[in-house]
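# Any chance you could fold what I've pasted below:
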Amino acid sequence: MSATVVGAAIIRNGRLLAAQRAEPAALAEGWEFPGGKVDPGESDEDALVRECFEELGVRVLLGERIGGDWPLGGTSEATVMRVWTAEIVEGEPQALEHLELRWLTVDKLYDVEWLPGDLPVVAAIRRHLRALARRP
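Here you go, the predicted model:
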């Protein structure tokens, strides 16, 4: 059986919000998309809205899903990550469960050390941000 985690590509003014992990030790200081585990009986989307509130103190509106199931390694069971774009509709992000938060422009996306499982998603988000920038 596989486990599902969800991530939010929170975008504001053409910039992506990145969050630096505080724990567990093996992942600490790596950068990720805010989000987390889907609880039993909870939809992916509801879990992501909940996680953004718990981790960042913000309410988000989810947009489009980015890609399909992104495989994550390093666990005994198969884990996949599902990512949606999101916009903040209430609050200002705070690092409630992270070491630091950063807003990254498209040309600075790789200025932080992303966790390996998040890297393919960053590439997809980069394409998404570039497409947004080209819209009139």
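# so V49 is in which element?
If you go by DSSP states H and E, V49 is part of helix 44-56.
# In that helix, which residues are buried?
For helix 44-56, the neighbour count (16 or more other Cβ atoms under 10 Å) marks D44, A47, L48, V49, R50, E51, C52, E55, L56 as buried. Heads up, the C-betas are built off the backbone N, CA and C, glycines and all.
# Let me have the residues you listed in TSV, adding distance to T105 and pLDDT as columns.
Below are the buried residues of helix 44-56 laid out as TSV (distance: Cβ to Cβ, whole Å; pLDDT from 0 to 100):
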residue	distance to T105	pLDDT
D44	28	97
A47	28	97
L48	23	98
V49	26	98
R50	28	98
E51	24	97
C52	21	98
E55	22	96
L56	19	98
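# list the contacts for D111?
Neighbouring residues of D111 by Cβ atoms under 8 Å, 6 or more residues apart in numbering: L104.
# measure it to W31 for me?
Distance of D111 to W31, given as Cβ to Cβ, to the nearest Å: 9 Å.
# got it, and P93?
Counting by Cβ to Cβ, the gap from P93 to W31 is 14 Å.
# Have a look at the two and say which one is more surrounded.
W31 (24 against 20; other Cβ atoms under 10 Å).
# what bridges to that one?
For W31, the beta-bridge partners are Q20, W114 (DSSP bridges).
# returning to what we had before: how about residues contacting the helix holding V49?
With contact meaning Cβ under 8 Å, 6+ apart, helix 44-56 is reached by 4, 6-8, 10, 19, 34-39, 42, 58-60, 62, 82, 84, 86, 91, 93-98, 101.
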